[in-house]
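1. got a predicted structure here, sequence first:
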Amino acid sequence: MGLSLTGLMACGAGGGNGNKIDSTSTAAATADSSWSLTPTDSATTISDSLKLPGGFTATTLVANLGRTRHIAVAPNGAVFVKLSKLQDGKGIYRLTDTNGDGKADKSFGFGNYTGTGIAIRDGYLYASSDTCVYRYKLDKDFNVIDPNHPEKIVTGLLARGEHEPKAITLDYSGNLYVNIGAYSNACQLQDRTKGSPGQRPCPILDSAGGIWQFKADVPNQTYGDDHRYATGLRNVVGFDWNQQTNSLFVMQHGRDQLHDLFPDIWDTKQSAELPAECMYELHKGSDCGYPYIFYDQFQHKKILAPEYGGDGKKTAGDSAQDPVMAFPGHLAPDGLLFYTGSQFPAKYKNGAFIAFHGSWNRAPEPQEGFFVVFAPFENGKPTGKWEIFANNFSGGDAQTASGRADHRPCGLAQGPDGSIYVTDDSKGFVWKISYKQ
């Protein structure tokens, strides 16, 4: 399979993609930031207003940090947050709660590039911009040793103005996984244009619309056929390595505008609910069928996309994977976490938490989402219906329905004490959710 290099971008240049790295070196970074970390009374009120199951409480770790995307927690409790908009010129913050009250009182900012992905593995912090993946060496206390000179592990990733964020995760065998979202809704000749046909084969899939695998410790890797891990995925933001199955699980963002582009097939209510947001278990060579099919959670079938001759009933994609789970359409799953801790009740062990960022495209139907759900698993398989675990991030029913949510959950991480952390990329809150019997 050939690879088109058109539109590939190199690391190292500043500007909108935030790839510039500071030129000076420092020793291990532990200094305080210059801005206040103390959450206000209103921030405490917001954490108190979150709706959680009995026995669970939320505290605001930090407020107004910026557009907090994904999050990683070190074994000593230090929290690293990736930002999609710079805060005081920095795109990563290390937060610590030194007095144990659940609120961060010390921070250090570094990395003057924006992005989404962040992860910790084997003494390194990994972080992504929209075009590159970097790693930083950590000391024994999980401080960044040289914050201004990270290694460039992956360079030149595609960024074309749609589905640019590069979510990342790692397995336990030295591999790094990077999502490269499709820069299209459904691979039409003219994107999001009524009457424009789908392209077959879809040229996007040579360098986007899938997951790429790289070595976690090899610098300056870029595209190549040997790095493609899975294809046929429109966009993945939430994904996690499942230790129980030793495999990669992802949440796909489904395509948009079925009614807008094909009003003779789907009405507005159907378009608001279709297609499903799907969870897949991936292996090397997996193909989930995008853009040729989508999954209909009501018919429980893979449906031929209308741009390729589908009518809402025709099935296709016999060789494409079926999803592990299917959720309502357009909820935007941006975080996935398999829970391995022991603090929460037993039913949560090895189950999946999913942060749904919330919809924008269900009108004239009410918007939906803006919550964190839990899906029980056993032996690596779903065992029951998913349930809403944390809700009211939006600020109320009116804000949810209008889509003008106060907060939008995005990233998820597990702390060493078994609590979980949730980020908000609207106003820059990070919450810690804990359980006490």
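-> Everything's here; your move.
2. so which residues of this protein form helices?
-> Taking DSSP state H, the helices of the chain run over residues 41-49, 258-261, 268-273, 397-402.
3. return the most buried member of these.
-> helix 258-261 (a mean of 20; mean count of other Cβ atoms under 10 Å). Where C-beta positions appear, they are placed from N, C-alpha and C, glycine not excepted.
4. ok, residues contacting that helix?
-> 192-194, 265-268, 270-271, 274-275, 306-307 (Cβ atoms under 8 Å, 6 or more residues apart in numbering).
5. mind redoing it with 6 Å?
-> 194, 266, 268, 271, 274 (Cβ atoms under 6 Å, 6 or more residues apart in numbering).
6. any idea how far residue 373 is from residue 100?
-> 29 Å (Cβ to Cβ, to the nearest Å).
7. among those two, which residue is more densely surrounded?
-> Counted by other Cβ atoms under 10 Å, residue 373 and residue 100 do not tie: residue 373 has more neighbours, with 19 against 7.
8. and the longest strand belonging to the chain, how far out from the chain's middle?
-> When the chain is parsed with DSSP state E, its longest strand is strand 79-87. Averaging C-alpha positions (Cα atoms, centre = their mean, to the nearest Å) puts strand 79-87 14 Å from its chain's average.
9. with stretch 352-371 instead?
-> 14 Å.
10. for this structure, what helix or strand is lowest in average pLDDT?
-> Sorting the helices and strands of the chain by mean pLDDT, DSSP states H and E puts helix 41-49 at the bottom, at a mean of 71.
11. related to what we said a few turns ago, pLDDT and distance to residue 388 added to the contacts of helix 258-261, as JSON lines?
-> What follows is the contacts of helix 258-261, written out as JSON lines (pLDDT from 0 to 100; distance: Cβ to Cβ, whole Å):
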{"residue": "194", "pLDDT": "96", "distance to residue 388": "35"}
{"residue": "266", "pLDDT": "98", "distance to residue 388": "26"}
{"residue": "268", "pLDDT": "97", "distance to residue 388": "24"}
{"residue": "271", "pLDDT": "97", "distance to residue 388": "23"}
{"residue": "274", "pLDDT": "98", "distance to residue 388": "21"}
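12. ok, so of the residues you listed, who is nearest residue 147?
-> residue 274 (45.0 Å; Cβ to Cβ).
13. beta partners of the nearest residue to residue 390 once chain neighbours are set aside?
-> Among residues not flanking residue 390 along the chain, residue 372 sits closest, at 4.1 Å (Cβ to Cβ, 6 or more residues apart in numbering). Beta-bridge pairing for residue 372 (DSSP bridges): residue 355, residue 390.
14. isn't residue 372 up against residue 389?
-> Yes. Using Cβ atoms under 6 Å, residue 372 is in contact with residue 389, at 5.1 Å.
15. follow-up on the earlier one: CA atoms only for the longest strand of the chain - export them in PDB, please.
-> What follows is strand 79-87, C-alpha atoms only, in PDB (Å, rounded to 0.1, in the frame of the first residue of the first chain):
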ATOM      1  CA  VAL A  79      -1.000  14.800  37.700                       C
ATOM      2  CA  PHE A  80       0.000  15.700  34.100                       C
ATOM      3  CA  VAL A  81      -2.600  17.500  31.900                       C
ATOM      4  CA  LYS A  82      -2.300  18.300  28.200                       C
ATOM      5  CA  LEU A  83      -3.900  21.500  26.900                       C
ATOM      6  CA  SER A  84      -5.300  22.300  23.500                       C
ATOM      7  CA  LYS A  85      -4.800  26.000  24.200                       C
ATOM      8  CA  LEU A  86      -1.700  27.400  25.800                       C
ATOM      9  CA  GLN A  87      -2.000  28.600  29.400                       C
END
